[in-house]
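> A structural model of the following input is requested.
(2 chains)
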2 protein chains.
Amino acid sequence: MTTVKAYAAPGPKAALEPFSLERRAPRPHDVQIAISHCGICHTDLHLVREDWRAGIFPMVPGHEIVGSVTAVGSAVSRFKPGDRVGVGCFVDSCRTCASCREGVEQYCTNGFTPTYNGRERDGQTITYGGYSESIVVDQAYVLRVSDKLPAAGVAPLLCAGITTYSPLRHWGVSAGQKVGVVGLGGLGHMAVKFAHAFGAHVVLFTTSPSKAADARRLGADEVVISTDETALARHVSSFDFILDTVSAPHDLNELLVLLKRGGTLTLVGLPDRDPILKPRALVMQRRQLAGSLIGGIAQTQEMLDFCADKGITADVEVIPASGINEAYARLLKSDVKYRFVIDTSTLRA
Amino acid sequence: MTTVKAYAAPGPKAALEPFSLERRAPRPHDVQIAISHCGICHTDLHLVREDWRAGIFPMVPGHEIVGSVTAVGSAVSRFKPGDRVGVGCFVDSCRTCASCREGVEQYCTNGFTPTYNGRERDGQTITYGGYSESIVVDQAYVLRVSDKLPAAGVAPLLCAGITTYSPLRHWGVSAGQKVGVVGLGGLGHMAVKFAHAFGAHVVLFTTSPSKAADARRLGADEVVISTDETALARHVSSFDFILDTVSAPHDLNELLVLLKRGGTLTLVGLPDRDPILKPRALVMQRRQLAGSLIGGIAQTQEMLDFCADKGITADVEVIPASGINEAYARLLKSDVKYRFVIDTSTLRA
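Model (predicted):
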């Protein structure tokens, strides 16, 4: 066991504060990772605030983890000390259900083991996330990260990156297609980068006119202000695919009618209020409304390799661990371009 | 011009009564059809009652038409007098949009020409449907019907048949799959027959326990009473595809969770009240909610040929034209197994 420094929320909705936790010694299949950076995902905020369900406290959030290998178990062949690696939203899964066998562990029928605020497969051991100095993870759930990319910008790829990359790939976004991205936050800005990299004509939908210039810089070909009915009307029945990254309640029906026949609107956010659906928009042009959850280990690796090849990272604001609470407050106001990333070396200070 | 006998609703919500209308003489590409049978679709009732929009009156409903060719225009090569033919929900479309060019005329961007309660491409001439002695239709919108099948049972294939066949084919329902059908009415009973014929394991969802035996007779392997939470729970995450034929307001979310990862729930009915969607069911297993509208001419022909090959027709109750109003009253109470079909020879009496 190793005692490591971390930041934890001692209870629901409480401010995060310094905390110590124990990490296990590497088992045969384990990789021990010194964490260099960890992204702050909106989910971290939701779980600390118990917006979705009761949490396990003290809670050490963080599932956008980048670091380097410091030790490996006796059976580890895929990693060696010094390798740069990443860990995302889960650190294990049942490994036996159809989803696990097919490499889409995020849909594990028995429930994946979340990187924090969950329990290991033993049903007992609490998991603690990346707001910490180090972590120990089974090699099957560890990703290789190229040294070519800056670590801070890579961290958000492990959640915001794969959450947007996976649906864009699953629904076959490709060159020549017209693709919409709704919302320009942590997820949306990655979706714009990926859809642009795939060769699509990218239209960013936002309620904030002030984001237009930035959207174009990130790769959007057009920007539509979502409240502008006239602008929306010009795009009716024209999109092959729309990725909706917005969690705030909003109208799905005015997005559905923007799809071509057979097009798909995919949700990756979970709005607090359940939307009302107008089935006519689906029936009249055989449109689809779908959802997507992060991505599997194989596709996350594919995404990281793609990013290394294309030089894609997240736009981040790097903060010290002591700045987490301020970052949370700013995140609530969407005041970040586009992801806070904790420099976890500051935990050691 | 030919004067033909028909039944029309003189105004909104009015009882249907005998009516005379003029059919054009066949133009070069036209087929003149003596109608033998016409199905009564729930849409007929909705349009007469102006449930969806203002109607054009007097209205002669009917878009499940079977008959025989009595004359053809000079340029008609595909049909000759004496051929048994069918006409479905539309009698023309723009022929230039992507949907028309790809043979999915039901999604015509410029709007197909409905068989009744619409206007021809000239924007003037009102269309009158199959509750009449005869009809004249461009050969491109006429279907060949095998003499092997009884005409009365074929009529509903032109709407109820293709409306269910098309989504089952589009989403790839095939042998070995587990497929749900929601509702056992005109559409649902055809969906059960088709899904069974495609080799799927078919589960029929109904609120009426009294329909269970009939569902099995039609091809269902299992029947689930939709209000039985325990029965529903046994089927969570197990369906490849579910076809929802119910127009009455109902909960889509308890159906969505019955889908496997990646499964699709497709709506072919338009509920009067817009349902509330719980996006979690979509996101957590990458499920899809979709809609589908009738089918194109090519696929309708494929369906009719499939039915001739497999001996599939609708279960019908044949009525005289004078029985239309009584049939409408019974239809409102879902009191029919499973489609009323008008013997239009009774118009001549």
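> who's in contact with the residue nearest in space to the middle of chain A?
In chain A, the residue lying closest to the centroid (CA atoms, centre = their mean) is A:C159, at 2.1 Å. By CB atoms under 8 Å, 6 or more residues apart in numbering or on different chains, the contact list for A:C159 reads A:39, A:41, A:43, A:63-64, A:88-89, A:294. Yep, even glycine has a C-beta here, placed from its N, CA and C like the rest.
> which strand of chain A spans the most residues?
strand A:30-40 (DSSP state E).
> check the offset of that strand from the chain's centre.
16 Å (CA atoms, centre = their mean, to the nearest Å).
> need the residues of the stretch 51-200 of chain A near chain B, please.
A:98-99, A:104, A:107, A:109, A:170 (CB under 8 Å from any CB of the partner chain).
> tell me who's in contact with the closest residue to A:C94 other than its chain neighbours.
Closest residue to A:C94 apart from its sequence neighbours, by CB to CB, 6 or more residues apart in numbering or on different chains: A:N110 at 3.8 Å. Taking CB under 8 Å, 6+ apart as the contact definition, A:N110 lies against A:93-94, A:96-97.
> tell me the spacing between the residue of chain A most remote from its centre and B:P28.
Within chain A, the residue lying farthest from the chain centre (CA atoms, centre = their mean) is A:M284, at 33.3 Å. Between A:M284 and B:P28 the computed distance is 32 Å (CB to CB, to the nearest Å).
> stretch A:266-281: which residues count as buried?
Within stretch A:266-281, the residues scored as buried using 16 or more other CB atoms under 10 Å in any protein chain shown are A:266-271, A:275, A:277-281.
> so does it get close to chain B?
Yes - Stretch A:266-281 comes into contact with chain B (CB under 8 Å from any CB), by way of A:267-271, A:274-281.
> pretty sure the residue farthest from the centre of chain A contacts B:G291?
Yes - A:M284 is within contact range of B:G291, at 7.1 Å (criterion: CB atoms under 8 Å).
> on that earlier part again, give me the pLDDT for the residue nearest to A:C94.
Model confidence at A:N110, expressed as pLDDT, equals 96.
> and if you look at A:W52?
Here the pLDDT value assigned to A:W52 is 88.
> and the one 5 residues further on, by the same measure?
pLDDT, the model's per-residue confidence, is 98 for A:F57.
> so what's it closest to, chain neighbours aside?
Nearest one to A:F57, counting by CB to CB, 6+ apart, is A:G11 at 5.0 Å.
> where along the stretch 51-200 of chain A do the helices fall?
A:98-101, A:151-154, A:160-170, A:186-197 (DSSP state H, counting those that start in this stretch).
> other SSEs contacting the third one?
What that stands for is helix A:160-170. Contact partners of helix A:160-170 among helices and strands, from 3 or more CB pairs under 8 Å, 6 or more residues apart in numbering or on different chains; DSSP states H and E: helix A:186-197, strand A:239-244, helix A:297-310.
> out of those, which one sits most buried?
helix A:186-197 (a mean of 27; mean count of other CB atoms under 10 Å in any protein chain shown).
> mind saving the C-alpha coords of it as CSV?
As requested, the backbone C-alpha atoms of helix A:186-197 are provided in CSV (Å, rounded to 0.1, in the frame of the first residue of the first chain):
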residue,chain,number,x,y,z
GLY,A,186,-15.8,20.7,-22.8
LEU,A,187,-17.6,18.1,-25.0
GLY,A,188,-18.7,20.4,-27.8
HIS,A,189,-15.3,21.9,-28.5
MET,A,190,-13.9,18.4,-28.9
ALA,A,191,-16.8,17.3,-31.1
VAL,A,192,-16.1,20.3,-33.4
LYS,A,193,-12.4,19.4,-33.6
PHE,A,194,-13.1,15.7,-34.4
ALA,A,195,-15.9,16.3,-36.9
HIS,A,196,-13.7,18.9,-38.6
ALA,A,197,-10.8,16.4,-38.6
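> for that helix, name the packing helices and strands.
Checked by 3+ CB pairs under 8 Å, 6+ apart, helix A:186-197 has helix A:160-170, strand A:178-182, strand A:201-206, helix A:212-218 packed alongside it.
> and the contacts of it?
A:39, A:41-42, A:156-157, A:160-161, A:163-165, A:168, A:173, A:179, A:181-182, A:184, A:202, A:204, A:206, A:215, A:218-221, A:243, A:245-246, A:268-269, A:306, A:310, A:312, A:314-315, A:336-339.
> let's see 6 Å
For helix A:186-197, the external contacting residues (CB atoms under 6 Å, 6 or more residues apart in numbering or on different chains) are A:160-161, A:163-165, A:168, A:173, A:179, A:181, A:202, A:204, A:218-220, A:243, A:245, A:310, A:312, A:338-339.
> quick one: low-confidence parts of chain A?
Chain A contains no residues with pLDDT under 70.
> domain parsing for it?
A:2-159+A:295-348, A:161-291 (automatic domain parsing).
> would you format these as JSON lines with distance to B:V76 included?
Conversion of the domains of chain A to JSON lines gives the following (distance: least, CB to CB, whole Å):
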{"stretch": "domain A:2-159+A:295-348", "distance to B:V76": "53"}
{"stretch": "domain A:161-291", "distance to B:V76": "30"}
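> how close does the residue farthest from the centre of chain A get to A:E254?
14 Å.
> out of the contacts of helix A:186-197, which are buried?
A:160-161, A:163-165, A:168, A:173, A:179, A:181, A:202, A:204, A:218-220, A:243, A:245, A:312, A:338-339.
> go ahead and confirm A:A298 touches A:E102.
No - the criterion here is CB atoms under 6 Å, and A:A298 misses it with A:E102 at 9.4 Å.
> look up the closest residue to A:T115, ignoring the ones flanking it.
Per CB to CB, 6+ apart, closest to A:T115 is A:H63, 4.1 Å.
> what's the answer for A:L331, then?
What sits nearest to A:L331 in space, not counting adjacent residues and going by CB to CB, 6+ apart, is A:L45, at 5.8 Å.
> residues contacting the host helix or strand of A:L289, please?
Element membership for A:L289, per DSSP states H and E: strand A:288-291. The contact list for strand A:288-291 (CB under 6 Å, 6+ apart) reads A:264-267, B:279, B:282-283, B:288-290.
> run the last query once more with 7 Å
A:252, A:256, A:264-267, A:282, B:279, B:282-283, B:286-290 (CB atoms under 7 Å, 6 or more residues apart in numbering or on different chains).
> next, count neighbours for A:T206.
Look at A:T206: counted by other CB atoms under 10 Å in any protein chain shown, it has 23 neighbours.
> report how many residues lie close to the closest residue to it other than its chain neighbours.
Distance criterion CB to CB, 6+ apart; nearest residue to A:T206, sequence neighbours excluded, is A:L184 at 5.1 Å. A total of 27 residues lie near A:L184 under the criterion other CB under 10 Å.
> please tell me I have it right and A:L184 contacts A:V203.
No - if you go by CB atoms under 7 Å, A:L184 and A:V203 don't touch, sitting 11.7 Å apart.
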